[in-house]
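K.L.:
coords please:
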Amino acid sequence: MFGFKRKKPMTLTPFAEARPKSFNAVLCDGLTVRGAPSFAALLDLHASLQAERPGLRVLVTLDNRIQAEYTSGHATDVHDLDDVTGHDLSFLDEAAFENGEHRGYLSTPAEFPIRVANLLARARDVQLAQAVGLLAWETSGDANDLVTVNRDPETALRIDREAEILVQFVPVASGALALAAFPNGYFASDLNPMQTYALAQRLEAEYGLALFGVGAAFLGFRRPGPLDEATARALAEDLAGFYAASPSDAAARLAGLLAGRDWLLVRYTES
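P.N.:
Predicted structure coming up:
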């Protein structure tokens, strides 16, 4: 007798039971999700995990985790986000050293504040205005404009095709700072980690949208309650102005999608 193969249920494995293998060492505690059926299910899981951890920021991987890990690793290296120069290392565990010398990269949870400090130091002189127009509203054939991806996040992110999703419990006070757990933006045509941080700060401060997810192309933001029409319109106008060559009706169409919603997807890469 023929039948349809049932999809395995979603499982959660704490890092304490099985540390994830990643391009860069994962510095925060968390868990690995397998079998997430949809973006909607991931939103529900994130909300539940965040509610249980009010003193932390819960950060998930979004689209194409493997590619996102690759670019995150290179972005960390290129921008020296793991540089220990000038940092006090006396409090670190022996695991951070080899033959009495620091390993040269961050590999233990106690070193995470170094990453945070480096990101903040490098972002100090970065203004969001400098990133305006760096990315086009869309790239031909990719269906990656904000109206398309926010109308159909399941197609844009393909969460159901992700073998594993990493969830990190990041010991920071803001969603923007959670980026330090998974900094991204490596290619010259993409926003770099400092520009991404500036964007995340703006969305959190102005619209209450805190960073909750980072993928290979998209950032995910959410807020405690839905956007009202006026705030959605202001946000849409900001975003339409952020990208180059946005069509004249981009803000109006995006505002129509965002009103009444408590989440947002933003593209931070060229394609």
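
K.L.:
quick check: phi and psi at the residue nearest in space to the middle of the chain.
P.N.:
Centroid-nearest residue in the chain: Val214, 2.1 Å away (criterion: CA atoms, centre = their mean). Dihedral pair for Val214: phi -130, psi 130, per degrees, to the nearest 10.

K.L.:
tell me how far it lies from Val266.
P.N.:
11 Å (CB to CB, to the nearest Å). Where you see a C-beta, it was placed from the backbone N, CA and C, and this is true even at glycine.

K.L.:
check Glu162 too.
P.N.:
Using CB to CB, Glu162 is found at 19 Å from Val266.

K.L.:
residues touching Ala40, list them.
P.N.:
Residues counted as contacts of Ala40 (CB atoms under 8 Å, 6 or more residues apart in numbering) are Glu154.

K.L.:
model confidence for it, exactly?
P.N.:
We have a pLDDT of 97 for Ala40.

K.L.:
so Thr139 belongs to a strand, correct?
P.N.:
No - looking at Thr139 with DSSP: H, G, I helix; E, B strand; the rest coil, it is coil, so not inside a strand.

K.L.:
phi, psi of it?
P.N.:
Thr139 adopts backbone torsions of phi -110, psi 140, taken as degrees, to the nearest 10.

K.L.:
for the residue nearest to the centre of the chain, name its beta-bridge partners.
P.N.:
Using DSSP bridges, the beta-bridge partners of Val214 come out as Thr61, Leu219.

K.L.:
isn't it right up against Ala176?
P.N.:
No - when contacts are counted by CB atoms under 8 Å, Val214 is not listed as touching Ala176 (11.6 Å).

K.L.:
any common contacting residues for those two?
P.N.:
Shared contacts of Val214 and Ala176 (CB under 8 Å, 6+ apart): none.

K.L.:
give the contact list for the residue nearest to the centre of the chain.
P.N.:
Val214 makes contact with Leu59, Thr61, Leu62, Ala68, Ser72, Leu179, Phe182, Asn184, Gly220, according to CB under 8 Å, 6+ apart.

K.L.:
same check, this time on Ala234
P.N.:
Ala234 touches Glu206, Tyr207, counting by CB under 8 Å, 6+ apart.

K.L.:
okay, and it sits in which element?
P.N.:
Assigned by DSSP states H and E, Ala234 belongs to helix 229-242.

K.L.:
so whichever helix or strand comes after that helix versus helix 229-242, what angle?
P.N.:
Downstream of helix 229-242, the next assigned helix or strand under DSSP H and E is helix 250-258. Counting by axes from the mean of the first three to the mean of the last three CA atoms, to 10 degrees, helix 250-258 lies at 140 degrees to helix 229-242.

K.L.:
tell me which element Phe221 is part of?
P.N.:
For Phe221, the host element (DSSP H and E) is strand 218-222.

K.L.:
what sits up against that strand?
P.N.:
By CB under 8 Å, 6+ apart, the list of residues contacting strand 218-222 from outside reads 43, 46-47, 60, 62-63, 149, 156-157, 175, 196, 199-200, 203-204, 209-214, 262-268.

K.L.:
likewise stretch 133-146?
P.N.:
Residues outside stretch 133-146 that contact it (CB under 8 Å, 6+ apart) are 148-149, 155-156, 189-191, 195, 217, 239-240, 242-247, 250, 254, 265-271.
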